[in-house]
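Undergrad: Need the 3D shape of this:
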Amino acid sequence: MKPLKILFACSELAPMVTSGGLGDVAAALPRALRAQGHDVRIAIPCYRSIAPEFRGQQHCLCVADLGSKTQWGALRIGTTPDTNIPLYLIEHDGYFGRENPYGYGAYEYDDNVERYCFFCLALLHGIPQTGWRPDIVHCHDWHTAPIPAYIKTRLAHTDAWRGMPSLFTIHNLAYQGRYKAHFLDSTGFGLDLFTPDCLEFYGDINLMKAGIAFATKISTVSPRYAQEILTPEFGDGLDGFLRTRKNSLHGILNGVDYTLWNPSADSFIAASYSVDDLSGKAMCKRALQVKFGLTQRPVPIFAMVSRLVWQKGFDLVVAALERMLEHDVQVAILGTGDPYYTEPLRKIANAHPGRMALLLEFDEALAHRIYAGADFFLMPSHYEPCGLSQLYSLRYGTVPIVRETGGLADSVVPITTANLKNGKATGIMFTPRTPEALMDAFGQALELYKQPDVLNAVRRTGMKQDFSWERSSKTYVKLYREAIARP
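TA: Coordinates of the predicted model:
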C-alpha cells in the first residue's frame, strides 16, 4: 500500500515545548511513522520559548478570519530536532510571543480560545501555500479540535480541504477548551454551529466537542480509556455526546521511545543494566539515595515522578504516607503541582529526614535516575488516559503499583498466583479509590520485596514488555486508512 501523507497538528512538541505526555507523543509517533516510510509533518504554534535554530525560515503569510477580527501571521518551515521531519510553525507575536505557552501557573491566558482558533485557521490557510497536500490531518486535544470543524464547514468547498479526512485524538478529556459564549466572536464559527450537536455545552463554547462532532475518526490514548469516557464517571459531561459517535471511537495505547528509555544505554543513570544482568540496578539505587539524601540502607524505595494533582491520586498518597513510613522504607517524589498536596508532602518529608525526600521541580535526567534506582513506582491515579510513567518503570525493572483505570489497566498485569505461575505478572494493581486500598497494595509490595527471586522475575517480565511506538504506530496507520476510505 502506498505511503501516507499525514499532517500532525498539536500544541506541543518535545523537547522544544512540552508540559506532559502530549509533547512526547507529538515527537515520538511521527518518528515511528516516518520510519515506516510515511510522509508525516508536524505543525505547532511558534512559541517564544522555541529556540531560534528550530524556527526555520518564513515561508508565507497566512490569515485567519476570526469573525470579529482578521489576524495575519506567518508560516515558517523548519525541521524537528534530531530528525528529518518537516516542522510547520505558525508565527504571531501577539498570540505566541509570550513567556509561557498556555498561561501562568494554574491561570491560563484570557484569550486562549482566540489564540488556538487563530492557530488552526492560519495553519489551514498556510499549508496549501507550501504545495503539499496531506491525505489526512491528525489533531490532538482541544487546542486543535476546531480543525475538523473548519474543514467540514467553512472550508468544505475549497480545493485544498474538500473531502479531507481527520483523526481527533483525546489525550485527556478533562481539558476541553470550554469558554463563555461571548467568545464565539473570536472563534471564526458562526451562530449556526453554536448548537448542542456541535459547539454549545451548557451555554458555553466547547472546542473539544466540535472536534468530536466533525472528525472522521476519534481516538484516545488507551483502549480502556476509550470505554471509560462513554460513562458518566469519566465522561466529564461529554459521555452522552461521545456515545453518539462510539462507532468511530478507538483506543490506541501510547508507546515508548526505547532509544530514550533504555537502562542498557541510558547516559543519565549511574550504571547500565539489562533484563539479562540486573546488577547495575543496585548501583542506580545507591546513586538515587545519595542524590535524594536518603540513608544508604538496603530497604525498598517507593518513588513517584508526577504532577502533584488530584488526578494522580495525591489525596490518597497524602492520606497513606505516614502509615507507609511506619515501615522500614524510603520514599522519593519528584514533580510540581498543587500546593494543596505539596505543603503536606513537604511537612511529612521534613519529619522523616533520610527516609523521605521531596523535590518540587521537573528534571528529566533525574526522572531517569528515579526510574532506574527505585524498587517500586506509585501511580494511584483516579483516572489515567494512558500514563507513560508505568511504561518507563516497567522497562527499568521498577515494579509499578497502579490503580485499575485507563491505560494503567491496559499496560500492567497484576501480580496474582496464576499470573506469577505463568510468568505474566508485571506489577501490583488495586481498584478502590481509598487510602486503605493503596495501603493493601503497599503491603503486597513489602511482601514481594522479601522474596528477591520472585521480585526479580517480575522485574524481568516487565522489562520484556513491548510498548514501542513501532507497534502502536501501525495501529494508527490502519485507522488513518479507514478514515481516508470513508471521510
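Undergrad: right, and Ser49 touches Val17 too?
TA: Yes - here Ser49 reaches Val17: they are 5.6 Å apart, a contact under Cβ atoms under 8 Å. The C-beta positions use only the backbone N, C-alpha and C, and glycine is treated the same way.
Undergrad: out of those two, which sits in the busier spot?
TA: Neighbour count, other Cβ atoms under 10 Å: between Ser49 and Val17, Val17 has more, with 21 against 13.
Undergrad: related to what we said a few turns ago, quick one: common contacting residues for Ser49 and Val17?
TA: Residues touching both Ser49 and Val17 (Cβ atoms under 8 Å, 6 or more residues apart in numbering) are Pro101.
Undergrad: what packs against the lengthiest helix in the chain?
TA: The longest helix of the chain (DSSP state H) is helix 469-485. Applying 3 or more Cβ pairs under 8 Å, 6 or more residues apart in numbering; DSSP states H and E, we find helix 469-485 packed against helix 21-35, strand 136-140, strand 166-170, strand 217-220.
Undergrad: Against Leu121, how distant is Ala149?
TA: 11 Å (Cβ to Cβ, to the nearest Å).
Undergrad: swap in Thr342?
TA: Taking Cβ to Cβ, one finds Thr342 at 39 Å from Leu121.
Undergrad: Looking at the two now, which is surrounded by more residues?
TA: Leu121 (26 against 18).
Undergrad: doesn't the more buried one fall inside a helix?
TA: Yes - with DSSP: H, G, I helix; E, B strand; the rest coil as the criterion, Leu121 is located in a helix.
Undergrad: which ones are touching it?
TA: Val63, Ala64, Asp65, Leu66, Pro146, Tyr150, Gly188.
Undergrad: Equivalent analysis for Gly78, please.
TA: Phe54, Arg55, Gly56, Gln57, Pro86, Leu87, Leu89.
Undergrad: Export only the CA atoms of stretch 453-464, formatted as PDB.
TA: Output in PDB follows, covering the C-alpha atoms of stretch 453-464 (Å, rounded to 0.1, in the frame of the first residue of the first chain):
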ATOM      1  CA  ASP A 453      13.800 -14.300  43.300                       C
ATOM      2  CA  VAL A 454      10.100 -13.500  42.800                       C
ATOM      3  CA  LEU A 455      10.800  -9.800  42.700                       C
ATOM      4  CA  ASN A 456      13.500 -10.200  40.000                       C
ATOM      5  CA  ALA A 457      11.200 -12.500  38.000                       C
ATOM      6  CA  VAL A 458       8.500  -9.800  38.000                       C
ATOM      7  CA  ARG A 459      11.100  -7.200  37.100                       C
ATOM      8  CA  ARG A 460      12.400  -9.200  34.100                       C
ATOM      9  CA  THR A 461       8.900  -9.800  32.900                       C
ATOM     10  CA  GLY A 462       8.100  -6.100  33.000                       C
ATOM     11  CA  MET A 463      11.400  -5.300  31.200                       C
ATOM     12  CA  LYS A 464      10.500  -7.700  28.300                       C
END
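Undergrad: can you give me how far that stretch is from the chain middle?
TA: 26 Å (Cα atoms, centre = their mean, to the nearest Å).
Undergrad: before we move on, could you check phi and psi at Met164?
TA: phi -70, psi 120 (degrees, to the nearest 10).
Undergrad: again, but for Arg76
TA: Per degrees, to the nearest 10, the backbone of Arg76 is at phi -110, psi 150.
Undergrad: Tell me how far it lies from Tyr175.
TA: Distance from Arg76 to Tyr175, by Cβ to Cβ: 27 Å.
Undergrad: mind checking the end-to-end distance for stretch 215-232?
TA: 22 Å (Cα to Cα, to the nearest Å).
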